[in-house]
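Peer 1: This is a predicted model, with the sequence first.
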Amino acid sequence: MAQHGMDPTAPLTGEPTKKTRRKLAKEMRTQLIGFGFMIFLTTMAFISIASDEIPSGFAIPFILLLACIQVVLQLYIFMHLNERGNGWQNIMIWTAVLIAIPTVASLMLLLGIVKY
Amino acid sequence: MRYLWRLLPLAFILLMAGCGKQNLSALDPQGPVAAAQFDLIKLSLTIMIIVIVVVFAIYLFVIIRFRERPGDTHIPKQVHGNKALEVVWTVIPIILLLFLAVPNVMQTFTLAEVEDTEDSVRIVVTAHQFWWEFEYPEYDVVAGQDMYIPTNTRINIELEASDVIHSFWVPALAGKQDNVPGITNEMWLEAPEEGVYQGRCTELCGEGHWLMDFQVIAVDPDTFETWAQNMATTDDDVEEETTVAVEGREVFEQNCISCHAVGGEGGNMGPNLTNFGEREVVAGFLEYNDENIADFIRYPQEKKPGSLMQAFPQITDEEMDALIDYLDSLKVLD
Amino acid sequence: MADQHVQTLPPSPEKATLEGKNKYLGFWLFLGGETVLFASLFGTYLGLRGSTVDGPGPSELFHLPLVFIMTMILLTSSLTSVFAIISMKKGNYKGLLAWMTATVLLGATFLGLEIYEFVEYVEHGLGFTTSAFGSSFYTLVGTHGAHVAFGIAWITTLIIRYRKSGLTLTNAPKFYVAVLYWHFIDVVWVFIFSVVYLMGIGG
Amino acid sequence: MSNTNAQTKSVVWDWLTTVDHKKIGIMYLVAGAFFFALGGFEAILMRIQLMFPEATFLPAQTFNELLTMHGTTMIFLAAMPILFGLMNYIVPLQIGARDVAFPFLNSLGFWLFLFGGILLNLSWFFGGAPDAGWTAYVPLSSEYSGTGIDYYVLGLQISGAGTLIGGINFLVTIINMRAPGMSMMRMPLFTWSTFVASTLILFAFPALTIGLLLLMLERIFGATYFAVASGGNVVIWQHLFWIFGHPEVYILILPAFGIFSEIIATFSKKRLFGYSAMVFATLLIGFLGFMVWAHHMFTVGMGPIANSIFAVATMAIAVPTGIKIFNWLFTMWGGRIQFTTANLFALGFIPSFVMGGVTGIMLATSAANYQFHDTYFVVAHFHYVIIGGVVLGIFGGAFYWWPRMFGYRLNETLGKIFFWMFLFGFHLTFFVQHFLGLMGMPRRVASYLPGQGLDEMNLISTIGAFLMGVAFIIFVVNIFVSMKNKETSGDPWDGRTLEWTIPSPTPEYNFAQTPLVRDVDALWYEKYEGEGSMKAAEPLGDIHMPNGSILPVIISLGLFIASFGFIYHDDGWTWVAIVGLVITFGSMFVRSIKEDHGYHIPVDEIKKGGK
Ligand code: HEA
Ligand code: HEA
Ligand code: CUA
Ligand SMILES: [Cu+2]
């Protein structure tokens, strides 16, 4: 099978290829920008709740939106879902989200207290 | 073809005629709600029978026509599929389902419309392990086990539970709704005919679940009015016909009043007994006779496993006779 | 066997073997399951968050500054774990271990603050059994905390176990998957700080 | 590291430590069959009690325990594990793999299931079995029941973890380990349905995990999610249970659909009609299965909008299911249908399941459901789909794959007697229950009163149950009397798929050479259109195999022990819980720091075995 001729316990030696190194440098940049963006989103969320100026009718949907954006960033930048060969991972995670939405909604709303 | 469609549910009813007790079966609806539900049942059944007939017909044809015959060794053609056929058996079921889904949605909303009107009667039904309490807020009446309703009147019901989940079902009058602790559910029903309708609990609620029966008693509106007035006004001095009954009342006041109310006085851990003398059954299911009453009071758990009534084996025969006399005298109608 | 083979560093050592690929995919699937798991907890919390009965409610308890600090710490720990993987891909095993250690330390700080927070709330009258709000709050945030604790234990084990071995085709997937797990903990936290804390204070 | 360990181990030790998917599959089958007999026995006891009105054969409390244990055992410990057994044995063979993706986890999954099942059943001996129905609705199960429910909670939690692990394992196996040429759209339908069912497991079981966790915290540590007095809400449990529970029924039926697809194609000697529609329908059923759970809760008071939406969504499932039914019928159309026992089960399935399916649509009619709900009509519905679908599927699959798994064919005559008796008994038992329900008989009643017109049909129903019992005994007899009919051919049915390319008995490495797949029904293609036998995708070489391990047993045992600590934690048994958890986490730790690279089977040996 695939691992013919490979020894899984031998330390990996050698340098990454030039191409890989260039890719990694670029990746480093992406990660840092992504991180900066996440810090920004988080701070925005906290500010919009902390400040008295912003009415909660706006702030709540706003922070939820920020949370969703941030999660997508996490999944695609930190967790590399965008890389090739992650088709199944994407399918499964989004299916999970699709199932999570009605789950949360029904546990919030359909408890018999208010009739829908 | 049309004719055939109408025939199918009819055939079904003929098949079922004579099955089940009239005041119990959902197949013999006695009120508009049960009737509407029965109509839906018939409609859905008709559609299902069509489906079954079609599938069975193809099925039988296939297994007879294409069975392997002795000596046959041919290799059938390896067909991949057929687009047109696929579309047919996707679209036809969708259409059939629409015929069911639309009336169903309409009925679902109709059955959920619980609004008080001028002459509607509201009843708050509280389910307990393993008995029923019926409160009539408009009349300031609380009754146990027997739910009196006026005929031809819209009865709006609020459902509550004091311990676990129960479910209120009177098959001949209406489908069930659950009595859920912490939640108030609503439903309505109507009974055009006078009569006694069997009701039961349909949510597993513990040991006594299977015997958590009650009765819905439909009487004409005047009688109902009398019943409700008397339930509300009878106070402690129910006309005692005999002195024995007076003794019985003493026994009752010593032992029972902490749980059972009579005429507005007493606890509510057990059913209100103000009109106990008019029960057809004891504890929801036992035939109403002295022996059963006595046995139930002495050994309630033996008669009805799981019952939460305290047992009174110590009551002497004499006391018991008096007690039963007293209980017998608890009547509100004439 | 193949002991003499020189193993050169592949671009994605975590997915170079079939075992590695399986682990990588299997772990993602597991995270899919975890998504529904946390959705169930979030739903329960949202259903019950108004049920404070006689106990204190969210707006009386939560303090934004603490939550903000905790969030920043966890977010940063996600970044350090990213650095760890980049080091790994560069073949810099020391860097990998160092960044993983940083991640663990940040995680432990986060966990410490969470414990401090819980103790504080209990002192303010919100016990686990005080109200349905209390139960569901501690269950949701506590389950997340338990994930953090498990992550810390897991990564620590990896660091100790492989402190001398150098990067191999066996341990590369293990590190990679542990980091995925760590990111996922961060993802869940994003919703916790938004839905539990910010919405708790904001109305 | 690559030692050929040819030490002779004792047989018991071998089975305890095995990570071979085939042996694990067989262990699933054996344990599942045991629990099936147990659950069936419980059903028979219930039916005896219900034979006559006001019977006193069983006390009401015992009846409630029996019905709970019957439902729980059948669903979690019988049907699902038996299907898991078939999947474990067959799926790697169908996709041309040497094992599953995670052999160690596979073994762990099995042992977790087994210990969870044993734990659940021990409740009978320690203070009474759970008595709140398999759905364990709160607050009956939280505030009004004894320790039986603790066994239910922990037993299901442990075996559920095993199931989840198994599900992930199948998914990764199917995605990553298919033989060259076996694209997704060339996979046999049983593999496809395993794939979809595993996806359902992956997303449905976490909801159960949380439900059980909450119930455990509520019962053992005083949490108040469900306690109305402290602001809790009892409907939360119902949602969590059914978010799991409804997909669960498709977890059961989809693999059965897969089995029938294989059997019907094989014994009609025809390619499956509308392969891609079949795959698509399976996926659609799986997806819709997640959007309809509240049809179990129509009467709980969610409101008319919610009821309508869930009613219509539920009805939609008839469409993809219908597609499957008609595709099976048209697979047979124009074929040469052989009435082997395996195929009889498939042929018995079609009408039986359609009858159960259409009553499902009737139940989905929300306004009418107020009459059906929690009556014997529902009991009739789900036994029609479960027995008419899942159980017939299991028996069909057993007869079909028996020669592959055990190296001998089951006796056809006994098999046919079994089939007819079982089918007849099944319809006798459950057909009348539709009417019982409509005539006012609620489910979960320990008895009923005379004079309500329920007596005769209950008697008939019980007679049917006895017939099923006798039929099952005939099946067990068949297993033993047929042992002498050794099957030498690896392909007894003129099969179509890869599992029939292997010699009998199946070698432990499955395929000496990974096969090359060139079409759906790879073997059939090679036999009738290709070169007569499978092409190989790789040269003959050493085969890498994983080592066995006892750790799965120990990990599961630790949780088993810890459970007692939780259940009796009020009696000062907390230390037991700690000991158990230390055992579990300790052995997990050992596993993670001990690298184990397996061993190789040398070419010479393969040549000997594969001749
Ligand atoms: C293997 C298990 C299995 C399967 C496959 C199904 C399949 C279905 N089930 Fe069933 N169900 C259960 C197991 C299963 N069920 C169990 C165990 C319970 C009880 C749980 C408990 O309370 O203990 C239950 C309960 C249950 C209820 C709740 C009843 C109640 O408590 O009030 C409902 C309501 O909607 C329902 C609906 C359906 C539907 C619509 C399908 C559909 O998938 C059926 C689809 C199939 C067909 C329709 C037939 C073939 C189709 C055609 C030939 C095409 C043409 C058809 C039409 C146009 C109609 N089921
Ligand atoms: C896979 C699922 C499955 C299967 C296969 C069955 C199989 C059977 N079930 Fe049941 N059943 C459920 C799942 C299942 N059931 C569920 C989920 C419930 C709901 C529980 C609840 O309400 O909470 C239920 C409830 C239920 C009830 C309703 C209880 C009530 O509401 O009060 C009844 C009553 O008739 C019943 C009967 C039967 C019968 C007669 C069989 C028969 O088919 C059984 C056939 C079995 C055998 C024939 C084996 C016989 C074995 C022996 C005789 C021992 C001999 C041993 C050896 C030879 C080794 N089941
Ligand atoms: Cu009350 Cu069942
Ligand atoms: Cu369902």
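Peer 2: In hand now; what should we look at? Residues are numbered from 1 along each chain as shown, chains lettered A, B, ... in the order given. Ligands and ions are numbered 1, 2, ... in the order given.
Peer 1: where's the residue of the stretch 1-150 of chain B found nearest ligand 1, which helix or strand?
Peer 2: Ranking the residues of the stretch 1-150 of chain B by distance to ligand 1 (Cβ to the nearest ligand atom) places residue B:93 first, at 3.6 Å. In this view, the C-beta of every residue, glycine as well, is placed from N, C-alpha and C. Here residue B:93 sits within helix B:83-112, counting by DSSP states H and E.
Peer 1: domain parsing for chain A?
Peer 2: In the domain annotation for chain A, the residue ranges read A:20-83, A:85-116 (automatic domain parsing).
Peer 1: closest to chain B out of those domains?
Peer 2: Using Cβ to the nearest Cβ as the criterion, the shortest distance between chain B and the domains of chain A is 4.1 Å, found for domain A:85-116.
Peer 1: Which element, helix or strand, includes the closest residue to the residue of the stretch 1-150 of chain B closest to ligand 1 other than its chain neighbours?
Peer 2: Nearest-residue entry for residue B:93: residue D:322, 4.7 Å, with adjacent residues in sequence omitted and distances by Cβ to Cβ, 6 or more residues apart in numbering or on different chains. Element membership of residue D:322, judged by DSSP H and E, is helix D:318-332.
Peer 1: which helices and strands sit right next to that helix?
Peer 2: Secondary-structure packing of helix D:318-332 (3 or more Cβ pairs under 8 Å, 6 or more residues apart in numbering or on different chains; DSSP states H and E): helix B:32-65, helix B:83-112, helix D:235-268, helix D:275-288, helix D:341-364.
Peer 1: Quick one: neighbours of the residue of the stretch 1-150 of chain B closest to ligand 1, just the number.
Peer 2: 23 (other Cβ atoms under 10 Å in any protein chain shown).
Peer 1: who's in contact with whatever residue of chain C ends up closest to chain D?
Peer 2: When scored by Cβ to the nearest Cβ, chain C has residue C:51 as its residue closest to chain D, at 2.9 Å. For residue C:51, the contacting residues are C:131-133, D:230-233, by Cβ atoms under 8 Å, 6 or more residues apart in numbering or on different chains.
Peer 1: do that again at 6 Å, thanks
Peer 2: Contacts for residue C:51 were tallied using Cβ atoms under 6 Å, 6 or more residues apart in numbering or on different chains; they are C:131-133, D:231.
Peer 1: where does it land in three-state SS?
Peer 2: Under the three-state scheme (DSSP: H, G, I helix; E, B strand; the rest coil), residue C:51 adopts coil.
Peer 1: What are the boundaries of the strands in the chain?
Peer 2: Using chain A. Secondary structure of chain A (DSSP state E): no strands present.
Peer 1: looking at chain B here, not the other one
Peer 2: Here chain B has its strands, by DSSP E, at B:121-128, B:131-136, B:141-144, B:146-150, B:155-161, B:166-170, B:174-179, B:185-189, B:195-201, B:213-219, B:281-282, B:286-287.
Peer 1: picking up where we left off before, can you verify my assumption that the residue of the stretch 1-150 of chain B closest to ligand 1 contacts residue D:321?
Peer 2: No: with contact defined as Cβ atoms under 6 Å, residue B:93 does not reach residue D:321; the gap is 8.9 Å.
Peer 1: Distance of residue C:166 relative to residue A:9?
Peer 2: Using Cβ to Cβ, to the nearest Å, residue C:166 is found at 10 Å from residue A:9.
Peer 1: ditto for residue D:356
Peer 2: Note on residue D:356: its distance to residue A:9, by Cβ to Cβ, is 55 Å.
Peer 1: more neighbours, these two?
Peer 2: When neighbours are counted by other Cβ under 10 Å, residue D:356 comes out ahead of the other of residue D:356 and residue A:9, with 21 against 16.
Peer 1: same for the helix or strand containing residue D:397, what does it pack against?
Peer 2: Of the helices and strands defined by DSSP H and E, residue D:397 is found in helix D:392-406. On a contact count with 3 or more Cβ pairs under 6 Å, 6 or more residues apart in numbering or on different chains; DSSP states H and E, helix D:392-406 meets helix D:80-94, helix D:235-268, helix D:341-364.
Peer 1: Please pull up the helix or strand immediately following the first one.
Peer 2: When you say that, I think you mean helix D:80-94. Once the chain leaves helix D:80-94, the following helix or strand, as judged by DSSP H and E, is helix D:103-122.
Peer 1: could you check whether that following helix is close to chain A?
Peer 2: No: with Cβ under 6 Å from any Cβ of the partner chain as the threshold, helix D:103-122 lies outside contact range of chain A, at a closest distance of 13.8 Å.
Peer 1: If you count contacts, what does that helix end up packed against?
Peer 2: Using 3+ Cβ pairs under 6 Å, 6+ apart, helix D:103-122 is in contact with helix D:21-49, helix D:148-176, helix D:551-567.
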